[in-house]
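Participant: A predicted structure for the sequence below; I have some questions about it.
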Amino acid sequence: MTIYVLFLIVLCNVTCLRASRVIVSLFAIELGAQQFLIGVLIAMYSVFPMLLALYAGRLSDRLGPRLPMLVGSLGLVAGLLLPFLYPALPALYVSAGLFGMSYVFYHVSVQNLIGAISTDATRTRNFSNYSLMIALGGFIGPSLAGIFIDHFGHPRTYLYLSAVALIPVITLAFAKTIGTGVTKPAGPAEHATSVEEARSLFANAGLRRAMITSGVVLTGTDLFQFYMPIYGHSIGLSASAIGFVLSLVAVAAFVVRVIMPLVVKRVGEEPLLTHSLFLGAATYLFFPIVQNVALLSVLAFVLGLGLGCGQPLSTILTYAHSPKNRSGEALGLRLTVNNATHIVVPLIFGSIGTVLGFAPVFWMNALLLAGGGMLNRAAPRRDAL
């Protein structure tokens, strides 16, 4: 029963996260922000996760996942309420920062908890089902945001989403057995500094490769979440249409994650990850030359097929390659790498888009994904190690 309650919590929180990314871009455009300022705004989601992810992982290992999950979920509610109470650009920046800081404590802890309550036989299945909830939330969030914005406006959309974010808070408050008794003894780096701990984890070749590849996959996914609302607005799409196109990535991700365990058994985790990166790179080449919403929807679906299995595979590989009793730290370091990418990518690509337009942004990301595929291509199958 615990795993299904966790999936409900994941679904609600991911729905709010994905919806908030759509709202914040479109609301910032309405308030007159340029592409670079929107890039800074999106980067605010990742500043605190980059700084705190490793600490959040250690906290989850030492105290157990329950308290970080509860506090993080409460922070999500606060981050959604702020733009409703103060609908101005400064509030969007504070909300994005608060949202990122809260989400990292919840995110690391829930992944660590799923790994802890799984066995070797059930871990791939549980992480695959976890990724299905992320995909489902990625479909519901943008679609819901687009419909609500068109009918109720941006501030009230934030208010309605905060009600969804309350569900995990209430669930964790009453289901008091979730995340208890899952603390772990300190690993060998108990007295090491954060830098030393990170270096010791990064020295593991398989773990390092999983983290770098994860950052590349997230770059591909997040650039689409960041740039599709801006690109869609520039070619005259409504908020509902933009939300629909964004949600198709999640629909495709859901489809590919259903069959992912079977495919992994046939080809292995690393080869599948490599193929997904190459497919994502190929898809990105076509986006800047398409303005028809139907064709954009097809491209979004193909992109979701390519990148949909990237995150669960990198999470599984990170957990599998992590040292004993340090899985939370490894997952936290993975998020640090991911969020460093989250910060750099919107700022760089927002600047490029302001100066050169949309096409170089999409094509440079295609090169980045292809490079990630080449990096992962020579990796041995984990079952052969």
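Facilitator: Right, received. Where do you want to start?

Participant: verify the stated contact: I38 with F27.
Facilitator: No. I38 is not in contact with F27 according to CB atoms under 8 Å; the separation is 9.9 Å. (C-beta placed from N, C-alpha, C; glycine too.)

Participant: lowest-pLDDT helix or strand in the chain?
Facilitator: helix 194-202 (a mean of 63; mean pLDDT, DSSP states H and E).

Participant: what mean pLDDT does the next helix or strand along the chain from that one get?
Facilitator: The element immediately downstream of helix 194-202 (helix or strand, assigned by DSSP states H and E) is helix 205-234. For helix 205-234, mean pLDDT is 77.

Participant: so which bits of helix 205-234 are buried?
Facilitator: Using 16 or more other CB atoms under 10 Å as the test for burial, helix 205-234 gives 206-207, 209-233.

Participant: just say helix, strand or coil for G280.
Facilitator: Following DSSP: H, G, I helix; E, B strand; the rest coil, the label given to G280 is helix.

Participant: what's near enough to touch the nearest residue to it once chain neighbours are set aside?
Facilitator: Excluding the flanking residues, the one nearest G280 by CB to CB, 6 or more residues apart in numbering is G306, at 3.8 Å. Applying CB atoms under 8 Å, 6 or more residues apart in numbering, one finds that G306 lies in contact with 276-280, 282-283.

Participant: for M364, give its distance to F139.
Facilitator: 27 Å (CB to CB, to the nearest Å).

Participant: repeat that for Q311.
Facilitator: Distance from Q311 to F139, counting by CB to CB: 15 Å.

Participant: repeat that for S118.
Facilitator: Noted for S118: a distance of 25 Å to F139, by CB to CB.

Participant: neighbour count for the two, which is higher?
Facilitator: Each of S118 and F139 has its neighbours counted (other CB atoms under 10 Å); F139 has more, 25 against 17.

Participant: and that one, what element?
Facilitator: In the assignment (DSSP H and E), F139 maps to helix 123-152.

Participant: give me the contacts around the very next helix or strand once past that helix.
Facilitator: Moving toward the C-terminus from helix 123-152, the next helix or strand (DSSP H and E) is helix 154-174. Helix 154-174 is contacted from outside by 5, 8-9, 12-13, 15-16, 19-20, 23, 26-27, 30, 66, 69-70, 73-74, 76-77, 80-84, 87, 106, 144-145, 148-149, 152, 178-179, using CB under 8 Å, 6+ apart.

Participant: list the buried residues of helix 154-174.
Facilitator: Residues of helix 154-174 classed as buried: 154, 157-158, 161-162, 164-169, 171-172 (neighbour count, 16+ other CB under 10 Å).

Participant: where are the low-confidence patches of the stretch 251-385 of the chain?
Facilitator: Residue ranges of the stretch 251-385 of the chain with pLDDT under 70: 319, 321-329, 331-332, 334-335, 338-339, 341-342, 345-347, 349-358, 378-385.

Participant: I figured C16 hits P142, correct?
Facilitator: No. Contact between C16 and P142 fails when scored by CB under 8 Å: they sit 11.5 Å apart.

Participant: can you tell me how far L67 is from H151?
Facilitator: Applying CB to CB to L67 and H151 gives a distance of 38 Å.

Participant: higher neighbour count, the two?
Facilitator: Each of L67 and H151 has its neighbours counted (other CB under 10 Å); L67 has more, 16 against 11.

Participant: host element of the more buried one?
Facilitator: helix 66-85.

Participant: helices or strands up against that helix?
Facilitator: Counting contacts by 3 or more CB pairs under 8 Å, 6 or more residues apart in numbering; DSSP states H and E, helix 66-85 packs against helix 2-30, helix 35-63, helix 89-116, helix 154-174.

Participant: tell me how far the last one lies from the chain's centre.
Facilitator: Averaging C-alpha coordinates over helix 154-174 and over its chain gives two centres that are 19 Å apart (CA atoms, centre = their mean, to the nearest Å).

Participant: list the buried residues of the helix holding L67.
Facilitator: Residues of helix 66-85 classed as buried under the neighbour-count rule (16+ other CB under 10 Å) are 66-77, 79-84.

Participant: now do that helix against helix 89-116, angle only.
Facilitator: Computed by axes from the mean of the first three to the mean of the last three CA atoms, to 10 degrees, the angle separating helix 66-85 from helix 89-116 equals 160 degrees.

Participant: hey, C-alpha coordinates of helix 66-85 in PDB?
Facilitator: Provided in PDB are the C-alpha atoms of helix 66-85 (Å, rounded to 0.1, in the frame of the first residue of the first chain):
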ATOM      1  CA  ARG A  66       9.200  11.400   5.800                       C
ATOM      2  CA  LEU A  67      10.100  14.900   7.300                       C
ATOM      3  CA  PRO A  68      11.900  16.200   4.100                       C
ATOM      4  CA  MET A  69       8.900  15.100   2.000                       C
ATOM      5  CA  LEU A  70       6.400  16.800   4.300                       C
ATOM      6  CA  VAL A  71       8.300  20.100   4.600                       C
ATOM      7  CA  GLY A  72       9.000  20.100   0.800                       C
ATOM      8  CA  SER A  73       5.400  19.600   0.000                       C
ATOM      9  CA  LEU A  74       4.400  22.400   2.300                       C
ATOM     10  CA  GLY A  75       6.800  24.600   0.500                       C
ATOM     11  CA  LEU A  76       5.200  23.800  -2.900                       C
ATOM     12  CA  VAL A  77       1.900  25.100  -1.600                       C
ATOM     13  CA  ALA A  78       3.500  28.300  -0.400                       C
ATOM     14  CA  GLY A  79       5.300  28.800  -3.700                       C
ATOM     15  CA  LEU A  80       2.000  28.400  -5.600                       C
ATOM     16  CA  LEU A  81       0.000  30.800  -3.400                       C
ATOM     17  CA  LEU A  82       2.500  33.700  -3.600                       C
ATOM     18  CA  PRO A  83       1.800  34.700  -7.200                       C
ATOM     19  CA  PHE A  84      -1.900  34.600  -6.500                       C
ATOM     20  CA  LEU A  85      -1.500  36.900  -3.500                       C
END
